[in-house]
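>>> Just need the structure, nothing else, for what follows:
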Amino acid sequence: MVEVGLRPSRWVAVAGFALVGAATQLVWLNFAGVTTVAAERYGVSESAIGWLAQVFPLLYVVLAIPAGLILDKWFRSGLVAGAVLTAVGALLRLGGDDYGWLLAGQIVASVAQPLVLNAVTGITGRYLAVKDRPTGIAAGTASVFAGMVLAFLLSALFADSNELPTMLWLSAIFSVVAAVVLIVALRKPGEHKAERRRPDRSTLRIAWGDPLVRRLSVLALFPFGVFVAMTTFSQALLEPAGVTASTASTILLVNVIAGVIGSAVVPVLVARRHAEAALLVASLTITALACAALAFAPSVVMAFVAITVIGFLLLPALPVVLELVERRTGEAEGTAAGLIWMFGNLGGLLVATAVGLLVDRPLAAFLVMAGIALVAVPGARALKRPIAELDAAEVDAAEPG
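Numbering: from 1, shown residues only. A predicted model of the protein is given here:
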């Protein structure tokens with residue numbers, strides 16, 4: 001990686017990426033809060049509506065590495081393709097008032113998602129100066145979580161059966177505008193990291209061959225898994241404790257809002273203090289304690305406190321990990337980011353499946369999530385030395401001569 005001169009950061013490119021990143025999550029989760037209503041309107045089962053969301057992580061696991069390879073070789077074209085496909089997927093859902101059009105649109109948008117989310121490190125590396133990259137990655141990742149918030153808000157505002165088309169139209173308009181803004185923002189190539197060789201399939205070998213990237217990828221299984229399982233099943237798990245569906249929806253909304261705030265603030269502070277390993281250890285430990293509290297003392301108040309804390313501390317782990325990947329991998333950053341997202345989505349599928357089997361046993365389900373978070377703590381603690389070595393190597397490289 002070679003930084004060219006002292007050219008200023010181009011934040012407009014990051015802003016364009018942030019809009020498209022939010023759009024991917026909006027399209028993904030449009031039906032998360034209106035599953036029953038949508039099933040009735042389109043004449044299908046609730047599980048069929050659930051597949052409108054499940055197709056995203058399933059295809060992400062398959063497409064994460066190919067998308068990373070595309071971004072490493074043709075970054076602008078790959079990212080623009082992701083933005084356009086997201087918009088096309090959102091528009092396809094307007095083709096007819098039936099389930100087939102919805103599924104077709106979701107499949108197209110799910111193909112686009114890895115091309116967008118894998119680019120979070122690449123957009124900062126190409127358009128921001130080194131000093132601004134932790135902030136850029138934090139902002140880009142926070143925008144992804146903000147898209148989740150927007151999806152929950154739209155489903156709450158347009159919750160009636162006859163209002164679903166309006167929700168889909170608004171989502172499509174947002175996705176199209178986001179794609180246009182990004183295309184305009186990327187009309188010029190990035191000026192940073194200019195002296196980059198054109199990588200090929202060896203970038204996968206470069207990324208996976210790095211011990212730190214391998215550790216971070218495997219570690220991503222655990223926080224992703226717990227978060228996805230918590231957001232998927234918290235309402236059902238907390239219902240025996242008197243937490244209503246509307247209250248659970250509010251708790252989850254607050255959880256994601258806390259995650260947006262945490263992702264925008266915490267990684268920047270952590271990067272300045274070189275405390276990445278400490279944050280990961282703390283977030284996993286506190287998450288385990290919060291899950292244990294929900295297991296043994298479930299209530300509305302406990303749910304609000306525990307799940308909000310989980311959102312604030314667990315979600316910022318993603319931009320922290322991605323910032324480390326950006327610093328470490330250079331020309332293979334897209335593929336390396338793809339590995340992180342792939343393992344994270346895989347963790348979400350595995351842990352959510354395990355917790356789903358225990359949905360009628362809340363105590364066991366919450367303890368499983370606590371155990372999964374706790375198991376990852378030694379791995380997070382072991383990152384302290386390789387991260388310190390990375391910091392030292394960057395200091396040596398920055399010294400003249």
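>>> ok, the nearest residue to T308 once chain neighbours are set aside - contacts?
Once flanking residues are discounted, T308 sits nearest to A258: 4.9 Å by CB to CB, 6 or more residues apart in numbering. Where C-beta positions appear, they are placed from N, C-alpha and C, glycine not excepted. A258 sits next to 308-309, 311-312, 315 when contact means CB atoms under 8 Å, 6 or more residues apart in numbering.
>>> Which single one of the residues you listed is nearest to G371?
Nearest to G371 among the contacts of A258: V309, at 18.0 Å, using CB to CB.
>>> Is the closest one in contact with I286, as I believe?
Yes - V309 is in contact with I286 according to CB atoms under 8 Å; the separation is 6.4 Å.
>>> now the residue nearest to T308, what's its secondary structure?
Counting by DSSP: H, G, I helix; E, B strand; the rest coil, the backbone at A258 sits in helix.
>>> quick one: pLDDT of it?
We have a pLDDT of 91 for A258.
>>> Roughly how far does it sit from I251?
Counting by CB to CB, to the nearest Å, the gap from A258 to I251 is 10 Å.
>>> Could you tell me which of the contacts of A258 belong to strands?
The members of those all map outside strands under DSSP state E.
>>> Show me how the record splits this protein into domains.
What automatic domain parsing lists as the domains of the chain is 7-196, 206-401.
>>> so how far is A18 from the residue nearest the centre of the chain?
Most central in the chain under CA atoms, centre = their mean is V144, positioned 6.0 Å from the mean C-alpha point. Counting by CB to CB, the gap between V144 and A18 amounts to 8 Å.
>>> and A178, what pLDDT?
Per-residue pLDDT puts A178 at 97.
>>> which one is V37 nearest to, not counting chain neighbours?
Excluding its sequence neighbours, the residue lying closest to V37 (CB to CB, 6+ apart) is S161, at 5.3 Å.
>>> close enough to count as contact, the one you found and Y42?
No - judged on CB under 8 Å, S161 makes no contact with Y42 at a distance of 9.4 Å.
>>> Give the ranges of residues in the stretch 151-300 of the chain that sit below the confidence cut-off.
The stretch 151-300 of the chain contains residues with pLDDT under 70 at 190-201, 245.
>>> for A18, what are its contacts?
Listed by CB under 8 Å, 6+ apart, the contact set of A18 reads 139-140, 143, 146.
>>> do you know how far G50 is from S143?
Separation of G50 from S143 (CB to CB): 25 Å.
>>> Also R328?
23 Å.
>>> got it, and P114?
In this view, P114 and S143 are 16 Å apart by CB to CB.
>>> Looking at those two now, which is surrounded by more residues?
Using other CB atoms under 10 Å, the more surrounded residue of P114 and S143 is P114, with 31 against 24.
>>> hang on, isn't the more buried one packed against A64?
Yes - the pair P114 / A64 is scored as a contact, 5.1 Å apart, by CB under 8 Å.
>>> Overlap of the contact sets of these two?
Joint contacts of P114 and A64 (CB under 8 Å, 6+ apart) are 338, 341.
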